[in-house]
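>>> Sequence first, then the predicted structure, then my questions.
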Amino acid sequence: MKHALTLSVALMALPALASPNVKEVHKTLPLAGDGRVEVSTYKGSVMVTAWDRAEVDVQARVEADEGCGSEATKQRWVEQTEVRIEGRARSVSIESDYDRLESYREGWGWFGSCTSRPFVHYKLQVPRTAKLSIKDYKSALKVGPMRSEMEIDTYKGTVDVAGLDGSLDLKTYKGEARVEFESLTGPSRFDTYKGDIEIAVPKNGGFDLRADSDRGGDFRTDFEVSAKIRSGRRGESRVSGAVNGGGPELVLKTKKGSLSLRAR
């Protein structure tokens with residue numbers, strides 16, 4: 001899993017191949033330090049870094065997917081892909097909008113036409129303490145150190161969160177995630193179906209753990225748990241109890257995937 005995540009993040013940093021089928025968008029909006037940033041995207045990448053300014057800086061690069069279509073068609077799809085960036089009183093929303101995308105006939109295939117959505121690559125700079133919500137389908141997500149409450153929902157994407165001082169609600173389907181907490185300060189939840197999640201928390205930090213897995217799932221931890229409950233019904237298992245005297249709730253759940261809880 002580690003190598004796959006490293007590769008995904010490395011790809012985010014590579015310059016785009018020379019191609020006319022590219023569109024760039026840049027916008028900066030004000031946001032209070034405790035405001036909310038919401039991102040809704042489909043495929044590509046999202047890289048988030050924190051700063052101490054009361055504003056959000058958004059750079060987006062729309063690139064053609066070489067999956068199908070002529071060069072002219074790919075260019076039209078890039079032009080029709082909208083990056084919507086809107087600011088309200090205490091929030092900023094960012095969305096990859098494909099509603100205008102048309103399907104063009106390209107020869108005589110099984111279906112006679114295809115539509116290949118362009119990639120959208122985001123680089124965001126946000127207030128260090130802003131709340132962050134990302135909803136994604138098949139992107140590479142990377143979030144740098146923040147003091148924040150986060151929500152991430154991804155389908156077949158990869159997630160890399162480093163130096164989080166706060167809490168996280170993460171849901172993934174067939175994706176891979178690596179999360180490192182600087183400090184676990186609020187209730188957090190991790191839920192995966194056929195995915196792999198690795199979580200690192202301070203070795204002396206206290207929290208209340210509940211980990212559930214079905215017979216196809218796997219859960220491993222470096223921590224000693226004060227109480228353990230295991231159920232053999234249909235191969236399901238549960239581990240629960242206080243760690244280092246207890247603290248914020250940490251809920252882990254997997255179906256046919258793996259969860260690893262490490263001490264750092």
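In hand now; what should we look at? Numbers count the residues shown, from 1 in each chain.
>>> what about the helices in this structure?
2-13, 71-80 (DSSP state H).
>>> Of those, which shows the lowest average pLDDT?
Averaged per stretch, pLDDT over the helices of the chain is lowest on helix 2-13, reaching a mean of 45.
>>> Number of residues surrounding the closest residue in space to residue 71 that isn't next to it in sequence?
Among residues not flanking residue 71 along the chain, residue 21 sits closest, at 7.0 Å (CB to CB, 6 or more residues apart in numbering). C-beta coordinates here come from the backbone N, C-alpha and C atoms, glycine included. The number of residues packed around residue 21, counting by other CB atoms under 10 Å, is 22.
>>> shouldn't residue 21 be in contact with residue 78?
Yes - using CB atoms under 8 Å, residue 21 is in contact with residue 78, at 5.0 Å.
>>> between these two, what contacts are shared?
Residues touching both residue 21 and residue 78 comprise 63-64, 118, with contact defined as CB atoms under 8 Å, 6 or more residues apart in numbering.
>>> Next step: these restricted to strands.
residue 63 (DSSP state E).
>>> I only care about the shared contacts of residue 21 and residue 78 that end up buried; give me the ChimeraX line for that.
The ChimeraX command for the buried members of the shared contacts of residue 21 and residue 78 (criterion: 16 or more other CB atoms under 10 Å) is given here:
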select :63,64,118
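>>> which one among the shared contacts of residue 21 and residue 78 gets closest to residue 179?
Nearest to residue 179 among the shared contacts of residue 21 and residue 78, counting by CB to CB, is residue 63 at 27.7 Å.
>>> For that closest one, name its beta-bridge partners.
residue 22, residue 119 (DSSP bridges).
>>> List the residues that contact it.
By CB under 8 Å, 6+ apart, the contact set of residue 63 is 16, 19, 21-22, 44, 78, 118-121.
>>> Produce a PyMOL select command limited to the buried residues of these.
For the buried members of the contacts of residue 63, the matching PyMOL selection, counting by 16+ other CB under 10 Å, is:
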select buried, resi 21+22+44+78+118+119+120+121
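>>> Using JSON lines, lay out the contacts of residue 63 together with distance to residue 86.
Shown next, in JSON lines, are those (distance: CB to CB, whole Å):
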{"residue": "16", "distance to residue 86": "26"}
{"residue": "19", "distance to residue 86": "29"}
{"residue": "21", "distance to residue 86": "26"}
{"residue": "22", "distance to residue 86": "23"}
{"residue": "44", "distance to residue 86": "19"}
{"residue": "78", "distance to residue 86": "21"}
{"residue": "118", "distance to residue 86": "21"}
{"residue": "119", "distance to residue 86": "22"}
{"residue": "120", "distance to residue 86": "16"}
{"residue": "121", "distance to residue 86": "20"}
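>>> just the contacts of residue 63 now: which is nearest residue 237?
Nearest to residue 237 among the contacts of residue 63 is residue 44, at 36.8 Å by CB to CB.
>>> thought that closest one was touching residue 96?
Yes - taking contacts as CB under 8 Å, residue 44 lies within contact range of residue 96: 7.5 Å.
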